[in-house]
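**Q** could you work out the structure for the sequence below:
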Amino acid sequence: MEKFFYGSNENQFGEWRLPKGDGPHPVAIVIHGGFWRKSFSLEIIREVARDLTACGFATWNIEYRRVGQPGGGWPGTFTDVSLACNHLRYLADSYSIDLDRVITVGHSAGGHLALWMAARHQLPEESELAVSGQSVSIAGAISLAGVNDLKLMYGVHHYRDQHSSETNNPTADLLQCSPEEQPGRYKEASPLELLPFEVPQLLVHGALDINVPIGISDHYHRAAQEAGEKVSFVELSDAEHFMLTDTSTKAWASIREEILGYVKRI
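**A** Predicted coordinates:
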């Protein structure tokens, strides 16, 4: 494993792993979750990156500025993942990788960013989330229990807050607003709002998930189908949220098989 920085901030880096054998290797950009908050780092998805590397992928496990850190949230979290993705062009100068076979794999908030990264070409040129330079195209996007509809996730937490003594709305913290206050931010930051973006997608969600309701993936899947996207949805009936990135579980074994089969089809 090698550590490379794609920017000047201490959180703008990634862990780079190469599989055995000659290239050019397909690339998996691996994106951790944690509701975009500073208390969660790429360590929580490191084993997924290692496992995908063992399966033949070059993996780029990326860190990014998060809510609670200077520059995190809107727009820094989004521009960071774009810059990290585009940094693959520099890595391709030194490593045998196939930039035509780059996929994103993200969990929870990282699942949201995995789809958003594949959809970012839909952004208007004047968007605060747009970055300059030549972008790396995404050949396929995989969302594991992803927060793929930000407006719906905001609504879930807003409802819970009304029945709780504490306020906890990670989506509002990420975008620094509600959908009513800044509807444009939700349109530019939510994968559902950017449909169709014409990138094959795989959604996986555990039916026992109490952190990100499976209904969010189901709702997104229906919208993506209606938009004409090539999208698959796999429900794991006996899995909860964190099983999807625990490489010792049957859930991850199923996900690995889905990913390998999915990549062969794109």
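**Q** show me where the stretch 101-250 of the chain has its strands.
**A** Ranges of strands within the stretch 101-250 of the chain are 140-144, 201-206, 231-236, based on DSSP state E, counting those that start in this stretch.
**Q** what pairs with the last one, parallel or antiparallel?
**A** According to DSSP bridges, the neighbouring strands of strand 231-236, each with its direction, are strand 201-206 (parallel).
**Q** for the strands of the stretch 101-250 of the chain, give me JSON lines that also has mean pLDDT.
**A** Formatted as JSON lines, the strands of the stretch 101-250 of the chain follow (pLDDT from 0 to 100):
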{"stretch": "strand 140-144", "mean pLDDT": "98"}
{"stretch": "strand 201-206", "mean pLDDT": "98"}
{"stretch": "strand 231-236", "mean pLDDT": "97"}
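**Q** ok, now which ones touch residue 85?
**A** Residue 85 makes contacts with 29, 62, 102, 104, 117, 135, 136, 138, as judged by C-beta atoms under 8 Å, 6 or more residues apart in numbering. Any C-beta I mention is one placed from the backbone N, CA and C, and that applies to glycine too.
**Q** centroid-nearest residue for this structure?
**A** residue 114 (2.5 Å; C-alpha atoms, centre = their mean).
**Q** need the contact list for it.
**A** 29, 31, 104, 105, 106, 141, 142, 143, 146.
**Q** most tightly packed of the strands of the stretch 101-250 of the chain?
**A** The highest average neighbour count among the strands of the stretch 101-250 of the chain, using mean count of other C-beta atoms under 10 Å, belongs to strand 140-144 at a mean of 29.
**Q** with distance to residue 85 added, can I get the strands of the stretch 101-250 of the chain in JSON lines?
**A** Output for the strands of the stretch 101-250 of the chain, formatted as JSON lines (distance: least, C-beta to C-beta, whole Å):
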{"stretch": "strand 140-144", "distance to residue 85": "11"}
{"stretch": "strand 201-206", "distance to residue 85": "16"}
{"stretch": "strand 231-236", "distance to residue 85": "20"}
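**Q** quick one on the thing from earlier: out of the contacts of residue 114, which comes closest to residue 83?
**A** Using C-beta to C-beta, residue 29 comes nearest to residue 83 of the contacts of residue 114, at 11.9 Å.
**Q** now the closest one: phi and psi?
**A** Dihedral pair for residue 29: phi -80, psi 120, per degrees, to the nearest 10.
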